[in-house]
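Trainee: Coordinates for the following, if possible.
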Amino acid sequence: MAARHGLGRAWAGCSLQGRRLAHAGARRQLQREYDAVVIGGGHNGLVAAAYLQKSGVRTAVLERRHLLGGAAVTEEIVPGFKFSRASYLLSLLRPRISTELELQRHGLRVYTRDPYSFTPVLEDGQAWRSLLLGHDMVETQRQIAQFSSKDAQAYPKYEAFLSRLVSALDPLLDAAPVDPAAWSQGPLLQRLRALRGLQPLLRAGLALGKQLPQYYQVLTAPITRILDLWFESEPLKATLATDAVIGAMASPHTPGSGYVLLHHVMGELEGRKGAWGYVAGGMGGVSQAIAGAAAAHGADIFTEKPVARVLLGLRGEAQGVVLQDGTEVKSKLVLSNASAQLTFLQLVPPEQVPEEFLQHVAQLDTRSPVTKINGKCQWGTSHSLPHRGPLGQWDTVGACEMLLPWEEGAVMGLCEAPCCSLSPEGKPAFSCTTPSVSAVLPVSLGSAICPGPSGCQEHGRLLCPSDSPPLRHPQWLWIGCPASWLRPTPVLAARCPITSAPST
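Mentor: Sure thing, here's the model as predicted:
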């Protein structure tokens with residue numbers, strides 16, 4: 001884990017006289033001094049706190065909100081209904097972290113999503129077919145063969161191609177990032193040690209061998225070019241291309257979109273590469289398990305403790321934080337789980353940070369093309385599904401990523417115009433009247449995923465800029481007051497045969 005190595009170096013440089021060993025059980029009151037303070041109780045901050053406390057560093061986590069988790073939370077945003085409010089699937093949590101922090105012992109339960117993708121296809125505006133992809137290669141090939149027998153034969157080779165790239169790059173995720181500056185600075189022995197950081201990178205290159213140019217293309221080319229090399233059927237290419245643009249302000253035709261696809265195949269669940277899964281109780285279950293591990297080692301974890309600023313010494317060294325109520329908490333090490341913009345533009349005194357660095361931080365573009373909508377919808381087995389067969393049951397299809405709409409070029413375009421063009425004022429030009437939508441119905445998996453009488457309900461994602469006004473756009477959707485539950489528009493309903501009016 002790169003962060004772990006970095007923390008180790010930072011901690012080694014602190015002048016603290018001795019490291020006080022942790023003890024089990026968190027203290028009930030905030031202490032005025034800790035060895036380390038973590039700003040923000042998102043899952044990354046909690047992981048850092050758990051490792052620090054496990055190694056004997058007395059650590060406190062200070063979270064602004066009333067609950068932990070950041071983007072990995074389960075929250076009752078509609079009375080009686082719980083949602084994975086932001087992130088909704090687990091895959092990219094490093095297996096090493098899960099093992100070393102014993103997250104299963106602290107309550108983490110994950111159910112692999114299989115099959116994982118469902119694309120209904122309306123042909124000639126009349127007949128429905130569908131493409132269902134899963135981990136059963138024989139069944140997946142049968143599904144693809146509906147549209148192209150050639151693609152069905154190529155698909156296992158495509159999967160093997162990506163798997164080899166993932167296997168080569170995977171060790172880099174647990175290694176410290178290469179620091180080129182360290183090669184030319186400091187004593188000779190220190191520079192030689194820094195060169196050892198190249199070993200994982202060199203091993204990755206050797207593992208790829210003669211196919212390195214092909215893999216380089218995956219990381220730099222548009223995903224459309226990559227998929228065109230492998231497949232011919234539009235439904236399959238559109239389905240695979242979706243993973244290359246989710247969360248990125250890009251279209252499938254944007255150079256580098258192939259790299260985004262890689263993130264969706266680099267995960268792992270219970271030894272299965274590329275698998276994604278639902279967390280029991282929603283994504284808050286991940287954060288609660290990590291927090292449980294940190295607390296078990298003795299970390300202090302607090303909610304509703306917003307940090308106002310970081311205390312710095314005359315040489316710019318961290319000395320602690322000041323809360324919004326004026327409380328000072330001293331520490332030798334401060335870690336921020338907040339965004340770079342919030343950390344360096346608001347929490348750290350600007351005179352302590354190089355101006356050029358602040359300009360780079362201020363220019364970071366963090367816009368997203370995704371608007372996520374959580375809602376309670378009416379559904380049931382009486383709905384007409386465009387998929388038939390042994391995998392065509394609601395408890396299976398409902399848990400898939402349902403990609404809507406699909407028609408010739410609709411998904412491959414993925415709202416390229418509004419996401420990639422700007423108005424004269426420099427803002428995204430919102431001209432997409434049929435946004436691409438991916439919908440998930442986690443409640444279809446029952447109480448194991450969504451405990452309680454209400455459970456975790458459905459959500460949809462619109463692939464259009466998040467700073468757009470989608471909730472007011474007459475051609476997208478409207479919100480029914482006062483319940484504020486998602487109501488599908490005719491645009492969605494016409495392309496989704498399993499969508500009906502929600503209960504209110």
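Trainee: can you pull the pLDDT of the nearest residue in space to Gly256 that is not next to it in sequence?
Mentor: The shortest distance from Gly256 to any non-neighbouring residue, by Cβ to Cβ, 6 or more residues apart in numbering, is to Thr220 (5.9 Å). The way it works is simple: take the backbone N, C-alpha and C, and place the C-beta from them, glycine included. At Thr220, the model reports a pLDDT of 91.
Trainee: Same question for the one 3 residues further on.
Mentor: Per-residue pLDDT puts Ile223 at 91.
Trainee: what's the spacing between the residue lying closest to Gln346 once chain neighbours are set aside and Pro177?
Mentor: Nearest non-adjacent residue to Gln346, counting by Cβ to Cβ, 6+ apart: Arg309, 7.9 Å away. Arg309 sits 28 Å away from Pro177, going by Cβ to Cβ, to the nearest Å.
Trainee: Parallel or antiparallel, list what pairs with the one helix or strand the residue nearest to Gln346 maps to.
Mentor: Here Arg309 sits within strand 307-312, counting by DSSP states H and E. Applying DSSP bridges, strand 307-312 is found paired with strand 318-323 (antiparallel).
Trainee: after the partner strand, next one along is what?
Mentor: Elements were assigned by DSSP H and E; along the chain past strand 318-323, the next helix or strand is strand 328-336.
Trainee: just the angle between that following strand and strand 318-323, please?
Mentor: On the basis of axes from the mean of the first three to the mean of the last three Cα atoms, to 10 degrees, strand 328-336 is oriented at 110 degrees to strand 318-323.
Trainee: for strand 328-336, packing partners?
Mentor: If you count contacts as 3 or more Cβ pairs under 8 Å, 6 or more residues apart in numbering; DSSP states H and E, strand 328-336 packs onto helix 2-12, strand 33-39, helix 43-54, strand 59-62, strand 307-312, strand 318-323.
Trainee: possible to save these as JSON lines with mean neighbour count?
Mentor: Formatted as JSON lines, the helices and strands packed on strand 328-336 follow (neighbours: other Cβ atoms under 10 Å):
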{"stretch": "helix 2-12", "mean neighbour count": "14"}
{"stretch": "strand 33-39", "mean neighbour count": "24"}
{"stretch": "helix 43-54", "mean neighbour count": "26"}
{"stretch": "strand 59-62", "mean neighbour count": "28"}
{"stretch": "strand 307-312", "mean neighbour count": "18"}
{"stretch": "strand 318-323", "mean neighbour count": "19"}
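Trainee: burial count for Ser87?
Mentor: By the criterion of other Cβ atoms under 10 Å, Ser87 has 18 neighbours.
Trainee: Pretty sure it sits against Glu75.
Mentor: No - counting by Cβ atoms under 8 Å, Ser87 stays clear of Glu75, with 11.9 Å between them.
Trainee: All the helices of the stretch 1-150 of the chain, residue numbers only.
Mentor: Applying DSSP state H, counting those that start in this stretch to the stretch 1-150 of the chain gives helices spanning 2-12, 43-54, 95-100, 137-145, 149-169.
Trainee: I'd like to know which of the ones you listed is closest to Pro187.
Mentor: Proximity to Pro187 (Cβ to Cβ) singles out helix 2-12 among the helices of the stretch 1-150 of the chain, at 15.8 Å.
Trainee: quick one: average pLDDT of the closest one?
Mentor: pLDDT averaged over helix 2-12 gives 41.
Trainee: Tell me how far the residue nearest to Gln346 lies from Pro350.
Mentor: Arg309 sits 11 Å away from Pro350, going by Cβ to Cβ.
Trainee: do you know which of the helices and strands packed on strand 328-336 lies nearest Ala296?
Mentor: Closest of the helices and strands packed on strand 328-336 to Ala296 is helix 43-54, at 8.7 Å (criterion: Cβ to Cβ).
Trainee: who touches that closest one?
Mentor: The contact list for helix 43-54 (Cβ atoms under 8 Å, 6 or more residues apart in numbering) reads 1, 3-4, 7, 11, 22, 35-36, 38-39, 59-61, 63, 68-72, 93, 97, 100-101, 286-287, 290-291, 293-294, 297-299, 301, 333, 335, 337.
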